[in-house]
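Participant: what follows is a predicted structure for the sequence shown.
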Amino acid sequence: MSDERRFFRGFGVSFTQMFKKVTTEQYPEEKVPTQPRYHGRHQLNRHPDGLEKCIGCELCAWACPADAIFVEGASNTEEERFSPGERYGRVYQINYLRCIFCGLCIEACPTRALTMTNEYELADTTRAALIFEKQDLLGPMLPGMVPAPHQMVPGTTETDYYLGKVTGAVAAQSAEAEARRLGTWTGPQPDEEVTA
Amino acid sequence: MNSLLAADQASLAVFGHDPLWLVILKALVLFLGLVLLTLFTTWFERRVVARMQQRSGPNRAGPLGLLQPIADGLKLALKEGVMPIHVDKVVYLLAPMLAAACAMLVFAVIPLGPVVSIFGVSTPLQLTDFSTSVLYILAIASLGIYGIVLAGWSSGSTYSLLGGLRSSAQMISYEIAMGLSFVAVFLWAGSMSTSQIVSAQGASWWYCILLLPSFVIYLISMVGETNRAPFDLPEAEGELVAGFHTEYSGLRWAMFFLAEYVNMINVSAVATTLFLGGWRMPAPISTWWPGANEGWWPILWFLGKIMVMLFVFVWLRGTLPRLRYDQFMKFGWRVLIPVSIGWILVIATLKGIQNEYGSDLKTTLLWIALLLVVVAAFTFVLDLRRSDDEPERPAEFDAFAGGHPVPPLPGQEFVVTRRAAATIPAVAVDAEAPSEGGEPTHV
């Protein structure tokens, strides 16, 4: 094509461009869903009965290249159990001013406790508000879950949880959670595990 | 010529009889209209150029973002006007006013419509007119350049000074071509008064068809004159720091902005008046609807034509990349001005023949002349493209002749050292050698 023809074709391009669909997204009014694997805000997942998956191992914090995660583990006791097994994450903080959303923490997590959601609206006016605590990060209570702390499903072990044999809370757990809510919880019955 | 002048005087008799209140009213309406049109134009430009880039443009303030210019204006008005220490205060403050005032003055002689009745007074829809009003437009446009030169000079900054110089060099260069493109219109219309040129176009074809080369030259030079893309070199935002108005901020900067946009509207109005039939509707519509060219309707046609011209400005901006300064100057001086002069020669000859022998020869000669001019312009452009201003240079090139290494100029070859000759195959050396005048090839 000669230079002259190319010159005039350019005008045609910009003219026809006017009648094409505008690609701008009207963001605050219309929220376009992200790709399903978009790296958004983190979530701390739960087992199907409501116990937390996090075991406080700090592998996520060690994997984090931006040093955005702070974890402090503690031991579960028979009086107060947050996760199946020995340990749970007592303190769990993610600083979203540091986080680079690389997802290395998710790769590091051995129990799939830490995953990422598609939520991206992470803006605030103070630095403190952008340090998310455990209660901000914990996933929602789905049907069949009762809030921790409570005992494991009677007769199961930690391994059963990871093998997916626990599918929801049982009556004993619901009763414990209700009693804790009402302040009438007196501690586990000594023979419960044996009888089940 | 005397008879022409007499005819001018006769038809210009409608001007100059307005009562004072009407003159003030017209001036006020023109001023307010220009400011509003400027606000609209900034919005229009941003929306249209956004659509050309598949964006939506300003759409937050008001319906369709129409209040965006108001928001911008308020922002500029409330901003601090920073005045650097080294400025020449009087000139620094005078320059933006000069630019804006000169831009506003042009519309005084632009005809917006025929004679109408305003509050019982029969008056033309034009502030004033006289037998040399197009020259007045050119003079005012030249005065406006002072605003830019003085702004650059008084800022006390090297960048502003250079920007001002670039602007004035560009505007003066393109004003020559612009002035020359008017000459054919003067010859054909037999008048330099804007209202006369409009009425002359009512009797014949529009001059954009009849005097096409003039129109094309005007279209190009008006873009250069208003410092708009692709000729926006003085304020090239990708390359320079704003050019002549580097040191201006707040309302004073807004004055330059206003002047630039009013100038855009001005050149569009001049193009409409001189080449697009002014406020008149063309023949098929005006014969079908005779009322189209009477009363207040013509203002609408005039504004419509201006909008088309403004769209062309935006279209150019959305399409073409910026020219290099030397290409731009070369184009102005070596293409536009010679082609203008050649075209004037043809038109003057034709007009002379017509005056001598009557108009039967007119059409044939016009087409012959058009053909000649097109051929001449084409060969001229071809020649310009072929001839390179490179001086003769020795073909052999010693990179270290000056004591330090320098790259070869076009057409020069590195000296083939013995070592290189031994390593490079003889065929490759031969293939390189005969390229005459081409770019040096490196192996």
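Facilitator: Okay, I see it. Nothing here was measured: the structure is a model prediction, and the numbers come from that model. Residues are numbered from 1 along each chain as shown, chains lettered A, B, ... in the order given.
Participant: in the sheet, who's paired with the most centrally placed residue in chain A?
Facilitator: Centroid-nearest residue in chain A, with Cα atoms, centre = their mean: A:Q43, separated by 1.1 Å. Counting by DSSP bridges, A:Q43 forms beta bridges with A:T115.
Participant: ok, it to chain B distance?
Facilitator: 34 Å (Cβ to the nearest Cβ, to the nearest Å). Heads up, the C-betas are built off the backbone N, CA and C, glycines and all.
Participant: hang on, isn't that residue packed against A:A113?
Facilitator: No. The criterion here is Cβ atoms under 8 Å, and A:Q43 misses it with A:A113 at 9.2 Å.
Participant: so who does A:C54 touch?
Facilitator: A:44, A:71, A:83, A:88-89, A:92, A:111, A:113-114 (Cβ atoms under 8 Å, 6 or more residues apart in numbering or on different chains).
Participant: including secondary structure, neighbour count and pLDDT, could those residues go into TSV?
Facilitator: Shown next, in TSV, are the contacts of A:C54 (DSSP: H, G, I helix; E, B strand; the rest coil; neighbours: other Cβ atoms under 10 Å in any protein chain shown; pLDDT from 0 to 100):
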residue	secondary structure	neighbour count	pLDDT
A:L44	strand	21	95
A:V71	strand	22	96
A:S83	coil	25	93
A:Y88	strand	24	95
A:G89	strand	24	94
A:Y92	strand	28	96
A:T111	coil	18	93
A:A113	coil	25	95
A:L114	strand	27	95
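Participant: just give the number of residues close to B:I217.
Facilitator: B:I217 sits with 24 neighbouring residues when counted by other Cβ atoms under 10 Å in any protein chain shown.
Participant: about what we covered before: for B:T379, see how far away the residue nearest to the centre of chain A is.
Facilitator: 74 Å (Cβ to Cβ, to the nearest Å).
Participant: cool, and A:E107?
Facilitator: Counting by Cβ to Cβ, the gap from A:E107 to B:T379 is 70 Å.
Participant: can you list the residues of the stretch 1-150 of chain B near chain A?
Facilitator: B:48, B:51-56 (Cβ under 8 Å from any Cβ of the partner chain).
Participant: can you do 6 Å?
Facilitator: Taking Cβ under 6 Å from any Cβ of the partner chain as the contact definition, the stretch 1-150 of chain B meets chain A at B:51-52, B:54-56.
Participant: what about these, which are in helices?
Facilitator: B:51-52 (DSSP state H).
Participant: with respect to B:E413, which of the contacts of A:C54 is nearest?
Facilitator: A:L114 (66.0 Å; Cβ to Cβ).
Participant: so who does the closest one touch?
Facilitator: Contacts for A:L114 were tallied using Cβ atoms under 6 Å, 6 or more residues apart in numbering or on different chains; they are A:42, A:60, A:105-106.
Participant: dump the residues you listed into CSV; add secondary structure as well.
Facilitator: Formatted as CSV, the contacts of A:L114 follow (DSSP: H, G, I helix; E, B strand; the rest coil):
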residue, secondary structure
A:H42, strand
A:C60, helix
A:C105, helix
A:I106, helix
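Participant: and those, which two are the farthest apart?
Facilitator: A:H42 and A:C60 (8.8 Å).
Participant: and stretch A:76-92, which residues are buried?
Facilitator: Neighbour-count burial for stretch A:76-92 flags A:76, A:80-85, A:88-89, A:92 (criterion: 16 or more other Cβ atoms under 10 Å in any protein chain shown).
Participant: pick the one among those closest to chain B.
Facilitator: Chain B lies nearest to A:Y92 out of the buried residues of stretch A:76-92, by Cβ to the nearest Cβ, at 39.6 Å.
Participant: hmm, the closest one is touching A:K134, no?
Facilitator: Yes. A:Y92 lies in contact with A:K134 (Cβ atoms under 6 Å); the separation is 4.1 Å.
Participant: spell out which parts of the stretch 301-443 of chain B neighbour chain A.
Facilitator: B:318-319.
Participant: ok so, going back, please indicate which of the residues of the stretch 1-150 of chain B next to chain A are buried?
Facilitator: B:51-52, B:56.
Participant: of those residues, which is the nearest to B:H404?
Facilitator: B:M52 (48.4 Å).
Participant: which one is that closest one nearest to, not counting chain neighbours?
Facilitator: B:G318 (3.8 Å; Cβ to Cβ, 6 or more residues apart in numbering or on different chains).
Participant: and for A:V13?
Facilitator: B:T319 (7.4 Å).
Participant: for burial, what's the neighbour tally of residue 108?
Facilitator: Just so you know, I chose chain A. So A:A108, with other Cβ under 10 Å, has 17 neighbours.
Participant: could you do chain B instead?
Facilitator: Quick note: B:A108 (other Cβ under 10 Å) scores 17 neighbours.
Participant: what sits closest to it if chain neighbours are left out?
Facilitator: B:L127 (4.4 Å).
Participant: how about B:S122?
Facilitator: Nearest non-adjacent residue to B:S122 (Cβ to Cβ, 6+ apart): B:V115, at 5.9 Å.
Participant: so the one you found, which state does it fall into?
Facilitator: strand.
Participant: for A:C105, see how far away it is.
Facilitator: 81 Å.
Participant: equivalent analysis for B:F182, please.
Facilitator: Applying Cβ to Cβ to B:F182 and A:C105 gives a distance of 73 Å.
Participant: what about the strands in the stretch 301-443 of chain B?
Facilitator: B:396-397, B:413-414 (DSSP state E, counting those that start in this stretch).
Participant: quick one: contacts for the spatially most central residue of chain B?
Facilitator: Central residue of chain B (Cα atoms, centre = their mean): B:M222, 1.1 Å from the mean position. For B:M222, the contacting residues are B:V267, by Cβ under 6 Å, 6+ apart.
Participant: secondary structure class for it?
Facilitator: helix.
Participant: against B:M52, how distant is it?
Facilitator: 20 Å.
Participant: same deal with A:P28?
Facilitator: Distance from A:P28 to B:M52, by Cβ to Cβ: 25 Å.
Participant: now B:A71
Facilitator: Counting by Cβ to Cβ - B:A71 and B:M52 are separated by 23 Å.
Participant: with A:R87 instead?
Facilitator: 61 Å.
Participant: then A:Y88?
Facilitator: Where B:M52 is concerned, A:Y88 sits at a distance of 59 Å (Cβ to Cβ).
Participant: before we move on, the earlier item: residue contacts, the residue nearest to the centre of chain A?
Facilitator: Taking Cβ under 6 Å, 6+ apart as the test, what A:Q43 contacts is A:115, A:117, A:139.
Participant: which other residues reach the helix or strand that contains A:T16?
Facilitator: Using DSSP states H and E, A:T16 sits within helix A:3-17. If you take Cβ under 6 Å, 6+ apart as the criterion, helix A:3-17 is touched by B:52, B:318-319.
Participant: run a quick neighbour tally on residue 175.
Facilitator: All of this is about chain A. Neighbours around A:A175, by other Cβ under 10 Å: 14.
Participant: sorry, should have said chain B
Facilitator: Neighbour number of B:E175 under other Cβ under 10 Å is 18.
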